[in-house]
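1. With the input below, show me the fold.
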Amino acid sequence: MSKILRTGLRYVRELTLYDMMRSSPDFQDVKAALKERIDWTIELFRSCFTIHLTNGGSFLMLGALLFLLMAENIHIHYGRLSPTELKERAEYIGYATFAILFAVLDIGFVIVRVAAFVALSGSSALATSLVLISMSPSVILPVFTYLARHLKRRKSESGAEAKMESGAVVDETEAKAS
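-> Numbers count the residues shown, from 1 in each chain. Coordinates of the predicted model:
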């Protein structure tokens, strides 16, 4: 297996409940988390059908329908199992495989969202920009926060009037008092 594929699978596995599955003694918490995740995913893909697009809408609808079918199928096969049965199935196919099975739905949402950007924008450059911006808030938000703090700090430093007397910085209010 190539290093890139292993790195990709490790990244996908981190998006899942893999660690929770490995450390859970009774799988009750895992079952609750998976049920919540599947219910949310089904609702999310159903909401895609309320969007009416003129160009590219058929691909978006087909993609949403495909992943909705996968989510409902997973719900039918695993949602009705007891925590013990769910744990047995996860152990049988392996925790990593079981976790990635659920991660496919998250990846599906990204695919459907990208298709929506392409269909709505009409321009591949604009769609690419929107996708990159939407998928990187964890990078963009800290950069904007840093810049805002830096500008605020610079403004407060330039606004404060300090005088230099005998090699020491003296505040203007202290200078008037003496």
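
2. I figured residue 20 hits residue 33, correct?
-> Yes. Using CB atoms under 8 Å, residue 20 is in contact with residue 33, at 6.6 Å. For the C-beta atoms, the positions are set from N, CA and C on the backbone; glycine is no exception.

3. which residues of this protein fall in strands?
-> Using DSSP state E, the strands of the chain run over 162-165, 168-171.

4. how close does the spatially closest residue to residue 84 that is not a sequence neighbour sit to residue 99?
-> Distances taken as CB to CB, 6 or more residues apart in numbering place residue 27 nearest to residue 84, at 6.9 Å, with adjacent residues excluded. Here residue 27 is placed at a distance of 13 Å from residue 99 (CB to CB, to the nearest Å).

5. what sits in contact with each of those two?
-> Common neighbours of residue 27 and residue 99 (criterion: CB atoms under 8 Å, 6 or more residues apart in numbering): residue 21.

6. Which single helix of the chain contains the most residues?
-> Taking DSSP state H as the criterion, the chain has its longest helix at helix 95-121.

7. Any buried residues in that one, and which?
-> By neighbour count with 16 or more other CB atoms under 10 Å, helix 95-121 contains the buried residues 95-96, 98-103, 105, 108-109, 112-121.

8. Could you tell me the average pLDDT over stretch 63-83, please?
-> Averaged over stretch 63-83, pLDDT sits at 88.

9. Tell me who's in contact with residue 154.
-> Per CB under 8 Å, 6+ apart, neighbours of residue 154: none.

10. Could you tell me the per-residue confidence at it?
-> Value for residue 154, per-residue pLDDT: 81.

11. Return the distance of it relative to residue 143.
-> 16 Å.

12. And for residue 19?
-> Relative to residue 143, and taking CB to CB, residue 19 is found at 29 Å.

13. List the contacts of the residue nearest to residue 84.
-> So residue 27 contacts 21, 83, 84, 86, 87, 90 (CB under 8 Å, 6+ apart).

14. low-scoring pLDDT stretches of this protein, where are they?
-> 1, 12-13, 52-57, 135, 137-140, 159-178 (pLDDT under 70).

15. can you map out the helices along it?
-> 3-14, 18-23, 28-47, 57-78, 83-93, 95-121, 124-134, 137-159, 172-177.
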